[in-house]
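>>> let's see this in three dimensions:
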Amino acid sequence: MENRNGDFGLEARTLSKRYEDGVLALDNVSFSVGAGQIYTMLGANGAGKTTTINIFFNFIEPSEGEALVGGIVTHKEPLKAKTKLAFVSENVMLYPNFTAIQNLDFFTKLGGNHDYSKDDYRDVLLRVGLQESAHFKKLRGFSKGMRQKCGIAIAILKNAQGILLDEPTSGLDPKAGFEFMQLLDELRGENKAILMSTHDIFRAKEIADVVGIMRQGRLLVEKSRQELAGENLEELYMQYMVGVEELSNKPQPV
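The predicted structure is shown next:
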């Protein structure tokens, strides 16, 4: 998506994905994420969130529809689209026998950027909250939160216009999760288009400009930050997950 002002964006157009075993993982999903915006896909495991992100990266191709990155159709021009994207997954895949600095150096050079110095790596690791004493330690001793910080540091160094995050705060302690949300807020301020999947209702409401609730491959509803200000997102989510009738029959507290 490129809007009339030329700003970068991400867009799903009637995306569907049916696997060879017949499972319909994604069913006619459409949404857009503008520059300077965080769009959160909220749903349980199997809702289609990861499938959507995989299509944006062309890890898999859609059965119908298309994903666009800055106006580029990902399954038609995958390499061009990937130059505009950075990715942070639930389990960041880095080299455990490399130090934090070595991992940053390896992955930035792998992405074609040879202009960064060790000072640049130090600065970005400090920015994401990784203490300096850990910069030259091997990742095999890192906590999940520390590895996530290295992953987002690599994403920042790529300086991509779009950032995709697949359950990035899953398993993080409250402090690490809070710091991660603060960093996403900074990146939004730098005009990044950010698409994040999560099953964390509270962080979704805290950070998102738009929340899309997904279930069984379908996007059921979208709510803007302004719309959610007057709603209980947990109750809204449960209505779509268990159904209004089931919710109404639930015993009420006395």
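
>>> ok, Met41 - how many residues close by?
By other Cβ atoms under 10 Å, the residues close to Met41 number 28. C-beta: built from backbone N, CA, C; applies to glycine.

>>> brain fart, Lys137
15.

>>> same deal with Gly151?
If we define neighbours as other Cβ under 10 Å, then Gly151 has 23 of them.

>>> likewise Lys76?
Neighbours of Lys76 (other Cβ under 10 Å): 12.

>>> wasn't it part of a strand?
No - the assignment for Lys76, made by DSSP: H, G, I helix; E, B strand; the rest coil, is coil rather than a strand.

>>> excluding chain neighbours, give the residue nearest to it in space.
Nearest non-adjacent residue to Lys76, counting by Cβ to Cβ, 6 or more residues apart in numbering: Glu66, 7.8 Å away.

>>> element containing that neighbour?
strand 64-69 (DSSP states H and E).

>>> and the contacts of that strand?
Contact with strand 64-69 is made by 1, 10-16, 28-30, 52, 55-56, 73-76, 81, 84-85, 162, as judged by Cβ atoms under 8 Å, 6 or more residues apart in numbering.

>>> read off the pLDDT value for Met41.
Looking at Met41, its pLDDT is 96.

>>> so it sits against Leu195, correct?
Yes - at 7.2 Å, Met41 counts as touching Leu195 under the criterion of Cβ atoms under 8 Å.

>>> same question for stretch 222-241: list its buried residues.
Applying a neighbour-count criterion of 16 or more other Cβ atoms under 10 Å, one finds Lys223, Leu228, Leu233, Leu236, Tyr237, Met238, Gln239, Tyr240, Met241 buried in stretch 222-241.

>>> what does it contact?
31, 42, 44, 201, 204-205, 208-213, 215, 220-221, 247.

>>> may I have the strand holding Glu66 as PDB, with CA atoms only?
The C-alpha coordinates for strand 64-69 follow below in PDB (Å, rounded to 0.1, in the frame of the first residue of the first chain):
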ATOM      1  CA  GLU A  64      -6.200 -16.400  -3.300                       C
ATOM      2  CA  GLY A  65      -5.700 -12.700  -2.900                       C
ATOM      3  CA  GLU A  66      -2.400 -10.900  -2.300                       C
ATOM      4  CA  ALA A  67      -0.200  -9.200   0.300                       C
ATOM      5  CA  LEU A  68       1.400  -5.900  -0.600                       C
ATOM      6  CA  VAL A  69       4.500  -4.300   0.900                       C
END
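
>>> what is whichever helix or strand comes after that strand packed up against?
Next helix or strand after strand 64-69 toward the C-terminus (DSSP H and E): strand 72-73. Contact partners of strand 72-73 among helices and strands, from 3 or more Cβ pairs under 8 Å, 6 or more residues apart in numbering; DSSP states H and E: helix 78-82.
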